[in-house]
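Asks: sequence plus the predicted model coming up.
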Amino acid sequence: MLLRSLWIYLKKELIRYSSSQTLFNYYRDNNNLLDKKGGNTIRLKNLYNYLASYTTYPDYLLIGEAPGIKGCRFSGVPFTSERQLVEKILPFYGQQSSKFSPPYTENTASIFWNTLKEHFPSFFIWNSVPFHPHPSGNYEKNRKPTKDEIELFAELTENIIGILQPKKIIAIGKTAKYLEKCIKNLKMTQVRHPSYGGKQEFVIQINKLFGKKIVKLTRKTLF
């Protein structure tokens, strides 16, 4: 396994943190109403499969803000939905950890992989906050992570950077860009987050960064 050192580090660190009233650690804990028995173990295995799929070290590190309820919260892999894992349409596969039928699909995850799949494994994806932020008592909703939460996990992100040694670090959205204030000498290139109408700008910016010829996007190419 090429990224074995990163896997060993993440496996140890991710299960250290307990869930709180507003931040759910789905690698360590389960919600009996939402998760299958052993769902946390499934999500760790999915993350392992993701790391094990690398045949070369990635040149790019893409960092989002936090896991979404229809994406990483149940898949265990950033910017990835359970549906994508079980349908085996990505360079890696996984199992369903949720009780939902059919498993969730996330619009942001679809846009992300439709845009970047051809560039794999030249990039690695992570989130500035690795656990699911949600309103107090409402585990099925998303919440924007706070600056304090990003600062809390900045050391983990910094260590990931140290292990991977990427040539370029890309912040997906303004929230992730805040990491520059948390990690000394960190320089990030920011692209538009694909959600909330950001799809076209995200696709154009990613294509430019990865050196792909940019074509004029029409409604037909976007949907």
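Replies: Structure received.
Asks: how long is stretch 48-61 end to end?
Replies: 17 Å (C-alpha to C-alpha, to the nearest Å).
Asks: pull the residues that contact that stretch.
Replies: For stretch 48-61, contacts defined as C-beta atoms under 8 Å, 6 or more residues apart in numbering pick out 1-3, 6-7, 10-11, 76-77, 80, 91-94, 121-126, 160-161, 164-170, 209-210. C-betas here are computed from N, CA, C, even on glycine.
Asks: so which of these are in strands?
Replies: Among those, the ones falling in strands (DSSP state E) are Phe123, Phe124, Ile125, Trp126, Lys168, Ile169, Ile170.
Asks: sort out which one of those lies nearest Leu23 for me.
Replies: Trp126 (16.4 Å; C-beta to C-beta).
Asks: roughly how far does the closest one sit from Asn107?
Replies: 20 Å (C-beta to C-beta, to the nearest Å).
Asks: do the same with Gln165
Replies: 32 Å.
Asks: which one's more surrounded, those two?
Replies: Between Gln165 and Asn107, Asn107 has the larger neighbour count (other C-beta atoms under 10 Å), namely 14 against 10.
Asks: what are the phi and psi angles of the closest residue in space to that one that isn't next to it in sequence?
Replies: Of all residues not flanking Asn107 in the chain, Ser195 sits nearest, at 7.1 Å (C-beta to C-beta, 6 or more residues apart in numbering). Backbone torsions for Ser195, taken as degrees, to the nearest 10, come to phi -80, psi 170.
Asks: count of neighbours near Ser195?
Replies: Other residues near Ser195 come to 17 when the count uses other C-beta under 10 Å.
Asks: skip the chain neighbours and tell me the closest residue to the spatially most central residue of the chain.
Replies: The centre of the chain sits closest to Pro78, judged by C-alpha atoms, centre = their mean, with a distance of 1.8 Å. In this structure, Pro78 finds its nearest non-sequential neighbour in Ile125, 4.4 Å apart by C-beta to C-beta, 6+ apart.
Asks: give me the beta-bridge partners of Lys168?
Replies: Beta-bridge partners for Lys168, by DSSP bridges, are Tyr60.
Asks: shouldn't it be in contact with Val191?
Replies: No: between Lys168 and Val191 there is no contact under C-beta atoms under 8 Å: 11.3 Å.
Asks: which residues are common contacts for those two?
Replies: Leu209.
Asks: what about the two, which has more around it?
Replies: Val191 (22 against 15).
Asks: close enough to count as contact, that one and Leu209?
Replies: Yes: between Val191 and Leu209 there is a contact under C-beta under 8 Å: 7.1 Å.
Asks: which neighbours do the two share?
Replies: Counting by C-beta under 8 Å, 6+ apart, the contacts common to Val191 and Leu209 are Ile170.
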